[in-house]
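Enquirer: Following is a predicted model, sequence given first.
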Amino acid sequence: MDEKDIRFFLVRHAQSWGNINSPDAPSYQPDDPPLTPEGLAQAERLAERFEPGMIEHIYASTLVRTAQTVQPTAEKLGLPILLLPELREMDTFIPGGSPEEFARLAPRAVFVPGRDAPPLVGMDAAYTAARADAALEYIAASCPDGSSVIVCAHGSFFGYLIRRLLGIQLPETFCWKVDNCSVTEIQLRKGKIPKLCRANSVQ
């Protein structure tokens, strides 16, 4: 990855029904709650950050709340949401939402061909770190030099992405706490150390 200049906008998904304890929560597949009304409003505010031409690719996990989060941005920029199973939350035991759910909740979402869901083995740190590596290596290989990309993932998984992108020698379980729908911006710079441009920025 250090052979390219790539700007990563890491986004934690907006508020989902799994983030709040509410009797009004709709029924949903275990581990895959959709966004709340507040989460949908957060997703709309996220889209205000980006203008056409700023972003080349948008990636999200195969859980519907991440694709819902970047759906308004994808609509505004005219881009698909590329679903990568490696970006799933670390402690989930489901592969992700169904095509029918994505068609209803995030119609710009498309599954990346040939990216089979990794085995669901829970919270093993080394395995989760390897998943983060695989996702970021795929994204970097798919993007031309000078690209800017959005990667929407999950709270507990964020530390693994941060550790890998910054190239810092921290434990695999390094925890990086971020708010719902926050943006952490990291610039990979060819021949230089990566630059942390902003962290946990909420609009």
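Expert: Right, received. Where do you want to start?
Enquirer: how many neighbours does residue 125 have?
Expert: Per other CB atoms under 10 Å, the neighbour tally for residue 125 reads 14. From N, CA and C alone the C-beta is placed, and that goes for glycine too.
Enquirer: An error on my part: the question was meant for residue 64.
Expert: 28.
Enquirer: Would you check how far apart it and residue 88 are?
Expert: 11 Å (CB to CB, to the nearest Å).
Enquirer: anything in contact with each of those two?
Expert: Shared contacts of residue 64 and residue 88, defined by CB atoms under 8 Å, 6 or more residues apart in numbering, comprise residue 96.
Enquirer: Find the centremost residue of this structure, please.
Expert: Closest to where the C-alpha atoms of the chain average out (CA atoms, centre = their mean) is residue 152, at 1.8 Å.
Enquirer: which residues does it contact?
Expert: Going by CB under 8 Å, 6+ apart, residue 152 touches 11-13, 58-61, 66-67, 69-70, 87.
Enquirer: Surely residue 132 and residue 157 touch.
Expert: Yes - the pair residue 132 / residue 157 is scored as a contact, 7.0 Å apart, by CB atoms under 8 Å.
Enquirer: Looks to me like residue 22 is in a strand.
Expert: No - applying DSSP: H, G, I helix; E, B strand; the rest coil, one finds residue 22 to be coil, outside a strand.
Enquirer: Not counting residues beside it along the chain, what's closest to it?
Expert: Of all residues not flanking residue 22 in the chain, residue 36 sits nearest, at 7.7 Å (CB to CB, 6 or more residues apart in numbering).
Enquirer: So residue 32 versus residue 193, what's the distance?
Expert: The value you get for residue 32 to residue 193, if CB to CB is used, is 37 Å.
Enquirer: The spatially closest residue to residue 146 that is not a sequence neighbour and residue 113: what is the separation?
Expert: The shortest distance from residue 146 to any non-neighbouring residue, by CB to CB, 6+ apart, is to residue 5 (5.4 Å). As judged by CB to CB, residue 5 and residue 113 stand 27 Å apart.
Enquirer: Look at the two and report which has more neighbours.
Expert: Taking other CB under 10 Å, residue 5 and residue 113 do not tie; residue 5 has more neighbours (16 against 5).
Enquirer: mind checking the SS state of residue 58?
Expert: strand.
Enquirer: Return whatever helix or strand the residue nearest to the centre of the chain lives in as CSV; C-alpha atoms alone will do.
Expert: Following DSSP states H and E, one finds residue 152 within strand 147-153. C-alpha atoms of strand 147-153 as CSV (Å, rounded to 0.1, in the frame of the first residue of the first chain):
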residue,chain,number,x,y,z
SER,A,147,-7.3,8.3,-5.4
SER,A,148,-9.6,9.2,-2.6
VAL,A,149,-11.9,6.5,-1.2
ILE,A,150,-14.6,6.1,1.5
VAL,A,151,-14.5,3.0,3.6
CYS,A,152,-17.5,2.5,5.9
ALA,A,153,-17.0,0.0,8.7
